[in-house]
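**Q** When you get a sec, could you give me coordinates for this:
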Amino acid sequence: QVQLQESGPDLVKPSQTLSLTCTVSGDSITKDSFYWGWIRQPPGKGLEWMGGVTYRGITYYSPTFKSRASIARDTTKNQFTLQLSSVTPEDTAVYYCAGRPWSIPTTRDESKYWGVGTQVTVSS
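**A** Next up, the predicted model:
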C-alpha cells in the first residue's frame with residue numbers, strides 16, 4: 001500500500017520560507033513514469049496546483065508559484081520537498097502531496113496517491 005505523508009512546521013512567520021517534505025512509502029519516487037506534486041487549498045478556496053517533480057527528477061511549476069517555489073527530491077530517503085519563499089498570510093493553506101503516472105498531479109480526482117495534508121498557517 002502506497003502512502004504519502006506531508007511534514008513540516010504548522011506555523012511560519014511572514015517573509016520567511018515555508019519548507020515541507022513528502023515521504024513516500026510503499027513505492028519508489030523513481031518508479032518509471034511516475035510524477036509527484038504539491039497542491040494546496042487555502043481556507044474557503046479550491047485546490048491550487050503548485051508544482052511537481054518527475055521520476056527522472058525534472059521539476060515543473062505553476063506560473064503562479066514559479067518565482068517563489070522550489071521543489072526537490074531525495075531519492076535516498078524516498079522524499080520530495082517544497083520550499084516556498086517570502087510567504088504571506090495568503091499562503092495559509094492545507095498543503096497536500098500527490099502522485100500519479102504519466103503527468104504531474106494537479107487535482108485529487110486525477111491522483112492515484114494523495115497525502116493526508118498538513119495545515120500551514122502564516123502569521124506573526
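
**Q** ok, residue 65 touching residue 52?
**A** No - using CB atoms under 8 Å, residue 65 is not in contact with residue 52, being 11.1 Å away. For every residue, glycine as well, the C-beta is placed using N, CA and C.

**Q** between the two, who's got more neighbours?
**A** For residue 65 versus residue 52, neighbours defined as other CB atoms under 10 Å are more numerous around residue 52 (26 against 19).

**Q** Now stretch 45-62: buried residues?
**A** Neighbour-count burial for stretch 45-62, counted by 16 or more other CB atoms under 10 Å, picks out 47, 48, 49, 50, 51, 52, 53, 54, 55, 60, 61, 62.

**Q** you'd agree the fourth one is in a strand?
**A** Okay, so that is residue 50. Yes - the assignment for residue 50, made by DSSP: H, G, I helix; E, B strand; the rest coil, places it in a strand.

**Q** Report the beta-bridge partners for residue 60.
**A** Taking DSSP bridges as the rule, residue 60 bridges to residue 52.

**Q** who's in contact with it?
**A** Residues in contact with residue 60 (CB atoms under 8 Å, 6 or more residues apart in numbering) are 51, 52, 53, 54, 104.
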